[in-house]
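# got a sequence here, can you model it:
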Amino acid sequence: MIDVQNQSDHRNIHIDKVGVKEIRYPITVMDKHNGQQNTVASVDMYVNLPREFKGTHMSRFVEILNDFHGKLDIREFSRVLREMQERLQSESAHLEVRFPYFVRKLSPITETPGLMEYGCRMCGAMDRMTGYDLVLEVNVPITTVCPCSKEISEQGAHNQRGMVNLAVRFKRFIWIEDLVQLVERAASCEVYSILKRPDEKFVTEKAYENPKFVEDVVRDIAWALQQDRNVLWFKVDVENFESIHNHSAYASIERAL
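Predicted coordinates:
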């Protein structure tokens, strides 16, 4: 049968990325406390396409994914990317995996168990010129209390839920749980999936005694990462969904270490 993808193209234009997006696929993720965790990911896979070829072989992306079924975790990213380069005869390959990650978390006073969901992303690239690159990202919900509101109010202070997106490059393997804990320590208080009344009293008072602007949260996270010699680069974004404004408050820091 005729291989149309391998036919030549007269437009003489190189394509940076071509491939497949939003493949829903079961994966296994390293779990610090349980060894591993099964979840479902959205997977994007791309390669570059030289100007002389009309198209790439889309089915090969899914074939490669199936070859790594049950083994697609952060330790295998470089192998998957290398296989994409070889099978699709490309100079560069890109793989992005987005998935929910669940952590069993006890409420602070009654120790009621619940599962907290954290959005995660692993983004890898392999290039014959620049080599291998891997970024791990976690999305962590937090609670903050406004220091200004607390300072000027005779009673109470406004608080809000926020979201922290933390992306890192690193030397050695790093646990998702460790990144989550680093972020939660920088908040006014953590977020829990379930709270009884004694727990709610505790988190409310803890947050009130620990007010934070978005600037405070982003700086505290950046400071902690700068002390970690395993971290090569980081980008942290903090967004507070303001409870008394019709807008969000935002802060971001990006550093190469």
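# in the stretch 1-150 of the chain, which spans are strands?
Assigned by DSSP state E, counting those that start in this stretch, the strands in the stretch 1-150 of the chain fall at 15-31, 35-49, 92-106, 113-127, 131-145.
# now the ones you listed in JSON lines, with mean pLDDT?
Output for these, formatted as JSON lines (pLDDT from 0 to 100):
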{"stretch": "strand 15-31", "mean pLDDT": "94"}
{"stretch": "strand 35-49", "mean pLDDT": "94"}
{"stretch": "strand 92-106", "mean pLDDT": "97"}
{"stretch": "strand 113-127", "mean pLDDT": "97"}
{"stretch": "strand 131-145", "mean pLDDT": "97"}
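# as JSON lines, the ones you listed with distance to residue 73 would be great.
Every C-beta, even on glycine, is put in place using the N, C-alpha and C of the backbone. What follows is the strands of the stretch 1-150 of the chain, written out as JSON lines (distance: least, C-beta to C-beta, whole Å):
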{"stretch": "strand 15-31", "distance to residue 73": "6"}
{"stretch": "strand 35-49", "distance to residue 73": "8"}
{"stretch": "strand 92-106", "distance to residue 73": "9"}
{"stretch": "strand 113-127", "distance to residue 73": "9"}
{"stretch": "strand 131-145", "distance to residue 73": "11"}
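# what's the closest of those strands to residue 167?
Minimum separation from residue 167 across these (C-beta to C-beta) falls at strand 131-145, 4.0 Å.
# so which other helices or strands are in contact with the closest one?
Under the contact definition 3 or more C-beta pairs under 8 Å, 6 or more residues apart in numbering; DSSP states H and E, strand 131-145 sits against helix 77-88, strand 113-127, strand 159-170, helix 176-185, strand 189-190, helix 197-208, helix 214-226.
# most packed of the ones you listed?
strand 189-190 (a mean of 21; mean count of other C-beta atoms under 10 Å).
# that one packs against which elements?
Applying 3+ C-beta pairs under 8 Å, 6+ apart, one finds that strand 189-190 contacts strand 131-145, helix 197-208.
# of all these, which one is nearest residue 71?
The nearest among those, by C-beta to C-beta, is strand 131-145 at 16.3 Å.
# so how far is the closest one off the chain centroid?
Strand 131-145 sits 4 Å away from the centroid of its parent chain (C-alpha atoms, centre = their mean, to the nearest Å).
# in that strand, what counts as buried?
Within strand 131-145, the residues that count as buried by 16 or more other C-beta atoms under 10 Å are 133-145.
# Serialize these to TSV and add fields for distance to residue 27.
Converted to TSV, those look like this (distance: C-beta to C-beta, whole Å):
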residue	distance to residue 27
133	20
134	16
135	17
136	14
137	16
138	16
139	17
140	20
141	23
142	26
143	30
144	32
145	37
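# nearest to residue 198, of these?
Distance to residue 198 across the buried residues of strand 131-145 (C-beta to C-beta) is lowest for residue 143, with 17.1 Å.
# what sits against the closest one?
Counting by C-beta atoms under 8 Å, 6 or more residues apart in numbering, residue 143 makes contact with 159-162, 187-191, 203, 207.
# from residue 236, how far off is it?
Counting by C-beta to C-beta, to the nearest Å, the gap from residue 143 to residue 236 is 17 Å.
# now do the host helix or strand of residue 236 and strand 131-145, the angle between them.
With secondary structure defined by DSSP states H and E, residue 236 is part of strand 231-241. Counting by axes from the mean of the first three to the mean of the last three C-alpha atoms, to 10 degrees, strand 231-241 lies at 40 degrees to strand 131-145.
# which strands or helices does strand 231-241 pack on?
Using 3+ C-beta pairs under 8 Å, 6+ apart, strand 231-241 is in contact with strand 159-170, helix 214-226, strand 248-256.
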